[in-house]
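In: no sequence for this one, just the structure:
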């Protein structure tokens, strides 16, 4: 068997992760047992949630243990099988981690079909980020036609899908992203009504200008000051969907809470969090609907691919410095 | 006609209100017109919300204008009438402000019946604080039997009713209040399962000890550090009811946002605000249900009465220094 290249969590990062927080090891693969298959990893999903899994804190899933392979969603090809349901040549996704190969008994594994979409799409719109956008917006946000939806991290894997689904649902959509190129991408390629460049604009003024009727849904991927600005412009019965807070994940002096939270009271509004894994039973139907939107040209997929499993620590940083557009994927 | 003693908002307070923020004036009453009645004020409701109305800020109702009578809920007796629906001797409540008399055309006025309850009760359990507790807990909080409800400001006008209704609904109820006397009142008189004295206990440890199964509903009247502590102990699908933030109202350096707000994400929980006036059409039914609970001895009313309209500025401060128990009322 091939050697297995694994990225191991060696230390718990303090602030931004650095390359010495990880070790890259080559280990032999154990012999395949009955009821198992061997997957060769083709693509690894690089997600903001990874930063939280590196911390030793109570959360919705346990942290990655020191010395364990770093947790990650993956897409790969079955290269050997003693499992009745998986044959060599099948493509599968699952949580097999940042490693070049994985042995699985099929638990948490889903087959994907390359005739349906390009493979990285199954880690993007048709994968976890797409599901996050779909259920976060539709189930938690509950958009109505004609409402204004503001989304931060709008050029990212989740935000870009949130905005497009909100457009499909007949909302006015305003995205916040960093840099002119991303903002152009939102309005010119994805059909957002407006985009705000937080790196070069006064976000407070721009939100006021582009949301003249206030904000009905704010889909928050970033936290921090932008969350406060959004809270300052919400309408009655607004919904703040808490999906993430990437501006806060690497803080070493604690998280900044939203000081405008009493706007929830004045506006009879709610702020609600969710975890996409709770919707697992509904993934299939959601993926079918999103695949139809993609086929109809209403939902576009943007994937940013970097190469080389040994580059994982550097590629991870692109999530935090904004040096990527759309879904970040590592090709093995 | 009598002179009318009025408490006027003379300045916008910075931090804690001081007596020079108000002026006390004696003015003649205008002549009663057809369709009007004259009310002599008997009791004035002193509420935390007053502090917000003194600020020149966008909120759920306009601020009190400088030079206007300070807004307040009141209870009084009709002493002269040219209105077909109100006779001398009728008792009424409304928003007639901090003044000894008021002329009204009946708008926003409700009759109350002294044979039903003692008069101050109509400013307490059967008035705005009772309605706030009732709709905040039942409509926003949605308690289920067996759940744990934590309430701050628990010996106050709203908190004391929240806890008692939660008990009626079969919940485990833990109250947070300042001082041993208030805590005893909660457990010994109102039937709370436990009380935490924030002035003399480590609140974080005490919440952990008294909510061993976590928190399903946190009804927040105080904000600040206690909100963060509660967020740190919520269960999945918990509801945080944002009713007020009395610890923050007099801050001169801004409001402290809840830095633990990402607990909403991890726990798929929501934080929601409300304004009791939205439920006006349902007040009557709620008051009838609460009067029944009172008659059955399940819901107790605690009113703290101070006297003298000219003492308004000093009495107001009891809201913030905790020097009162239950509903604070000013007897004219």
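Out: Nice, thanks for sending it over. All figures in this text were calculated on a predicted structure; none of them were measured in a lab.

In: Tell me the residues of the stretch 201-332 of chain A that contact chain B?
Out: Neighbours of chain B within the stretch 201-332 of chain A, by CB under 8 Å from any CB of the partner chain: A:223, A:228, A:242-245, A:248, A:254-275, A:278. The C-beta positions use only the backbone N, C-alpha and C, and glycine is treated the same way.

In: Mark which of the residues you listed are buried, thanks.
Out: The neighbour count (16 or more other CB atoms under 10 Å in any protein chain shown) marks A:223, A:228, A:242-245, A:248, A:255-275 as buried among these.

In: before we move on, the earlier item: from the residues of the stretch 201-332 of chain A next to chain B, which ones fall inside helices?
Out: Using DSSP state H, the subset of these located in helices is A:228, A:263, A:264, A:265, A:266.

In: Give the residue spans of the stretch 151-300 of chain A that score low on pLDDT.
Out: Scanning the stretch 151-300 of chain A for pLDDT under 70 picks out no residues.

In: residue ranges for the strands of the stretch 201-332 of chain A, please.
Out: A:215-220, A:234-242, A:270-273, A:303-307, A:327-331 (DSSP state E, counting those that start in this stretch).

In: can you pull the contacts of the most centrally placed residue in chain A?
Out: In chain A, the residue lying closest to the centroid (CA atoms, centre = their mean) is residue A:129, at 4.0 Å. Counting by CB atoms under 8 Å, 6 or more residues apart in numbering or on different chains, residue A:129 makes contact with A:45, A:47, A:123, A:156, A:157, A:158, A:161, A:327.

In: Quick check: residue A:142 touching residue A:239?
Out: Yes - counting by CB atoms under 8 Å, residue A:239 is a contact partner of residue A:142 at 6.4 Å.

In: Please enumerate the shared neighbours of these two.
Out: By CB under 8 Å, 6+ apart, the residues touching both residue A:142 and residue A:239 are residue A:217.

In: neighbour count winner among the two?
Out: Comparing residue A:142 with residue A:239 by other CB atoms under 10 Å in any protein chain shown, the one with more neighbours is residue A:239, at 24 against 13.

In: now, among the contacts of residue A:129, which is nearest to chain B?
Out: Closest to chain B out of those is residue A:158 (12.9 Å), distances taken as CB to the nearest CB.

In: Go ahead and confirm the closest one touches residue A:135.
Out: No - with contact defined as CB under 8 Å, residue A:158 does not count as touching residue A:135 (10.8 Å).

In: These two: who's more crowded?
Out: Higher neighbour count among residue A:158 and residue A:135: residue A:158, with 28 against 20, using other CB under 10 Å.

In: ok, the more buried one to residue A:260 distance?
Out: Noted for residue A:158: a distance of 23 Å to residue A:260, by CB to CB, to the nearest Å.

In: ok, and the closest non-adjacent residue to residue A:116?
Out: Excluding the flanking residues, the one nearest residue A:116 by CB to CB, 6 or more residues apart in numbering or on different chains is residue A:291, at 6.3 Å.

In: ditto for residue A:7
Out: With CB to CB, 6+ apart as the criterion, residue A:7 has its nearest non-adjacent residue at 3.9 Å, and that residue is residue A:98.

In: tally of neighbours for the one you found?
Out: 28.

In: got the contact list for it?
Out: By CB under 8 Å, 6+ apart, residue A:98 lies in contact with A:6, A:7, A:44, A:69, A:70, A:71, A:72, A:309, A:312, A:330.

In: the domain parsing of chain A - what is it?
Out: What automatic domain parsing lists as the domains of chain A is A:3-124+A:302-331, A:128-277.

In: Check the ones you listed for me and report the most buried one.
Out: Greatest average neighbour count among the domains of chain A goes to domain A:128-277 (a mean of 22), per mean count of other CB atoms under 10 Å in any protein chain shown.

In: pretty sure residue A:28 is touching residue A:6, no?
Out: No - with contacts counted by CB under 8 Å, residue A:28 stays clear of residue A:6, the gap being 11.0 Å.

In: can you tell me the distance between the two ends of stretch A:40-60?
Out: 28 Å (CA to CA, to the nearest Å).

In: give the contact list for the residue nearest to residue A:116.
Out: With CB under 8 Å, 6+ apart, residue A:291 has these contacts: A:116, A:117, A:126.

In: Could I get the residues you listed in CSV, plus columns for secondary structure, distance to residue B:177 and pLDDT?
Out: As requested, these are exported to CSV (DSSP: H, G, I helix; E, B strand; the rest coil; distance: CB to CB, whole Å; pLDDT from 0 to 100):
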residue, secondary structure, distance to residue B:177, pLDDT
A:116, coil, 60, 88
A:117, coil, 58, 91
A:126, coil, 52, 95
